[in-house]
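Peer 1: what's the 3D shape of this:
(one chain, ligands or ions: 1)
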Amino acid sequence: MDGETSKLAYFNLTKGIPWRFGPAWPGQRCLAKTRRGTACLKPALKGKTRCALHGGRSTGPRTQRGLQRISEANLKHGRQTKDKLAAQRHAAEVGRRVMGELKRLEQQIVDAGLMPDD
Ligand SMILES: [Zn+2]
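Peer 2: Residues are numbered from 1 along each chain as shown. Sure, this is the predicted structure:
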């Protein structure tokens, strides 16, 4: 009886179309977003996270030019590239060193009695 009920529910959910990949299908679905903004419901290709319609057959960029093109397409503003972040870290390190040196000099002047300590 229960099996019969769930079969009927499944039949209603799939609108009468016998469908292998119904809502209860446990496999990996395509993770792409459709033009409607909804999730793609097709099953992903074996070992992939996309269906054939959404690039599941792609093997990725192969040439240096292709890699460059993908990199440029994914770059939004370039404010957080590896080079920029490294430069920011370096500037912060230099700033910390300068501030430490200033504090040390100030303490020496205060200790020598040339400047009030407030
Ligand atoms: Zn898809």
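Peer 1: can you pull the alpha-carbon coordinates of stretch 27-38 into CSV?
Peer 2: Below are the C-alpha coordinates for stretch 27-38, written out as CSV (Å, rounded to 0.1, in the frame of the first residue of the first chain):
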residue,chain,number,x,y,z
GLY,A,27,22.8,10.9,-7.8
GLN,A,28,24.9,14.0,-8.6
ARG,A,29,22.9,16.7,-10.3
CYS,A,30,24.2,19.4,-12.6
LEU,A,31,25.2,22.5,-10.5
ALA,A,32,24.7,25.0,-13.3
LYS,A,33,22.2,27.9,-13.0
THR,A,34,19.8,28.2,-16.0
ARG,A,35,18.9,31.4,-17.7
ARG,A,36,15.6,31.4,-15.7
GLY,A,37,17.7,31.5,-12.6
THR,A,38,16.7,28.1,-11.4
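Peer 1: Before we move on, what's the pLDDT of the spatially most central residue of the chain?
Peer 2: Central residue of the chain (C-alpha atoms, centre = their mean): Asn74, 11.2 Å from the mean position. pLDDT, Asn74: 91.
Peer 1: and the gap between it and Trp25?
Peer 2: For Asn74, the distance to Trp25 equals 32 Å [C-beta to C-beta, to the nearest Å]. For every residue, glycine as well, the C-beta is placed using N, CA and C.
Peer 1: Equivalent analysis for Ala44, please.
Peer 2: As defined by C-beta to C-beta, Ala44 lies at a distance of 11 Å from Trp25.
Peer 1: same deal with Leu67?
Peer 2: Per C-beta to C-beta, Leu67 is found 35 Å from Trp25.
Peer 1: How about Asp111?
Peer 2: Per C-beta to C-beta, Asp111 is found 76 Å from Trp25.
Peer 1: circling back: between Ala44 and Trp25, who's got more neighbours?
Peer 2: More crowded of Ala44 and Trp25, by other C-beta atoms under 10 Å: Ala44, with 19 against 12.
Peer 1: No more questions from me, cheers.
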